[in-house]
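>>> okay, sequence plus prediction incoming.
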Amino acid sequence: MIERDYNTEFDNLIKEIITPTFKIIGFKKKANNFFKSTNDLIQIFNVQKSRWNSKENISFTFNIGFFSPEIFQETCGRATPVIPKEYDCCIRIRSGFLTDKKDKWYELNEKINYNKLAIEIKSDLQKSAIDLFNKYQSLTSLNALINEYPDLQMTMGTIPRFIHLMKTGLRKEALNLLLTEYKNAQIPKPSVSVAIYPDGRRVETISEPKINKEYIDSLIRIAKRYNIEIE
């Protein structure tokens with residue numbers, strides 16, 4: 001029996017399945033990142049390998065993102081990266097939530113048939129990333145995406161969401177969001193840090209409740225930029 005090289009099989013999936021799927025619709029590639037400019041957005045697709053991979057098992061997942069240069073510049077205060085990454089995006093989602101309603105990781109090991117996995121991935125890409133990228137190609141269109149998947153607002157954060165609403169003409173919703181967030185920010189809250197270990201243990205550390213002055217200042221700054229009184 002020929003010993004399988006799972007790292008080589010992973011590279012072949014990128015080369016034989018994923019890259020052709022995205023190149024045919026105009027995406028460019030750098031490493032395991034794919035990107036395409038559409039109107040006022042850059043669409044991002046990323047293949048993420050698990051940090052716990054080994055010679056016997058390769059695990060990976062797919063990340064989808066929509067990058068807005070305008071929102072990035074206003075929230076980060078620096079120039080737009082030449083090639084944005086998925087973590088730079090104002091909206092981020094795992095493809096598994098679109099196909100299986102949960103976080104989905106693919107695996108390559110002795111129990112997995114490579115050809116069947118390739119077919120599954122090709123189908124999943126069409127049902128998740130490709131369909132999504134074809135449907136949502138502008139900053140304004142992302143409002144419909146958020147309405148379809150409300151949890152995406154949590155991945156945006158309040159300030160990027162506020163800017164998004166303002167730039168797409170939804171000033172009333174933006175104002176309500178900012179005022180509500182400013183009011184809630186005055187309430188002392190504990191911070192929670194989570195560590196997840198290879199054996200599956202999840203350890204939470206909770207700090208004493210306090211007001212995040214830095215965050216409040218950032219809300220005030222963005223309000224002043226848009227001539228909104230919140231104090």
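All right, it came through fine.
>>> and stretch 109-119, end to end?
16 Å (Cα to Cα, to the nearest Å).
>>> from the chain's centroid, how far away is that stretch?
Remark: stretch 109-119 is offset 26 Å from the chain centroid, using Cα atoms, centre = their mean, to the nearest Å.
>>> pretty sure residue 160 sits in a helix.
Yes - secondary structure of residue 160 (DSSP: H, G, I helix; E, B strand; the rest coil): part of a helix.
>>> doesn't residue 89 make contact with it?
No - between residue 160 and residue 89 there is no contact under Cβ atoms under 8 Å: 9.5 Å. (C-beta placed from N, C-alpha, C; glycine too.)
>>> report the contact partners of residue 7.
55, 58 (Cβ atoms under 8 Å, 6 or more residues apart in numbering).
>>> and the contacts of the top helix by length along the chain?
Criterion DSSP state H: the longest helix present in the chain is helix 171-185. For helix 171-185, the external contacting residues (Cβ under 8 Å, 6+ apart) are 158, 161-162, 165-166, 211-212, 215-216, 219-220, 222-223, 228, 230.
>>> tell me which strands the helix or strand of the chain with the lowest mean pLDDT pairs with, and in which orientation.
Lowest by mean pLDDT, DSSP states H and E among the helices and strands of the chain is strand 192-196, with a mean of 76. Counting by DSSP bridges, the strands paired with strand 192-196 are strand 202-206 (antiparallel).
>>> quick one: average pLDDT of the helix or strand following the strand it pairs with?
On the C-terminal side of strand 202-206, the closest following helix or strand by DSSP states H and E is helix 213-225. Over the span of helix 213-225, the pLDDT mean works out to 94.
>>> which elements pack onto helix 213-225?
Judged by 3 or more Cβ pairs under 8 Å, 6 or more residues apart in numbering; DSSP states H and E, helix 213-225 is in contact with helix 158-167, helix 171-185.
>>> return the most buried member of these.
helix 158-167 (a mean of 22; mean count of other Cβ atoms under 10 Å).
>>> quick one, what contacts the residue most central in space within the chain?
Geometric centre of the chain, nearest residue: residue 92, 2.0 Å, by Cα atoms, centre = their mean. Listed by Cβ under 8 Å, 6+ apart, the contact set of residue 92 reads 63, 64, 65, 86, 155.
>>> for the residues you listed, pick the one with the most neighbours.
Neighbour counts for these (other Cβ atoms under 10 Å) peak at residue 65, which has 23 neighbours.
>>> coming back round to it: let's see which of the contacts of residue 92 end up in strands.
63, 64, 65 (DSSP state E).
>>> about what we covered before: put together a markdown table for the contacts of residue 92, with pLDDT on each row.
Below are the contacts of residue 92 laid out as a markdown table (pLDDT from 0 to 100):
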| residue | pLDDT |
| --- | --- |
| 63 | 96 |
| 64 | 96 |
| 65 | 95 |
| 86 | 92 |
| 155 | 80 |
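>>> and those residues, which is closest to residue 203?
Nearest to residue 203 out of the contacts of residue 92 is residue 155 (Cβ to Cβ; 23.5 Å).
>>> contacting residues for the closest one?
91, 92, 93.
>>> residues of stretch 134-150 that come out buried?
Buried residues in stretch 134-150, counted by 16 or more other Cβ atoms under 10 Å: 136, 137, 139, 140, 142, 143, 146.
>>> what about residue 205, neighbour count?
10.
>>> separation between it and residue 47?
31 Å (Cβ to Cβ, to the nearest Å).
>>> before we move on, the earlier item: chain center to the longest helix of the chain: distance?
23 Å.
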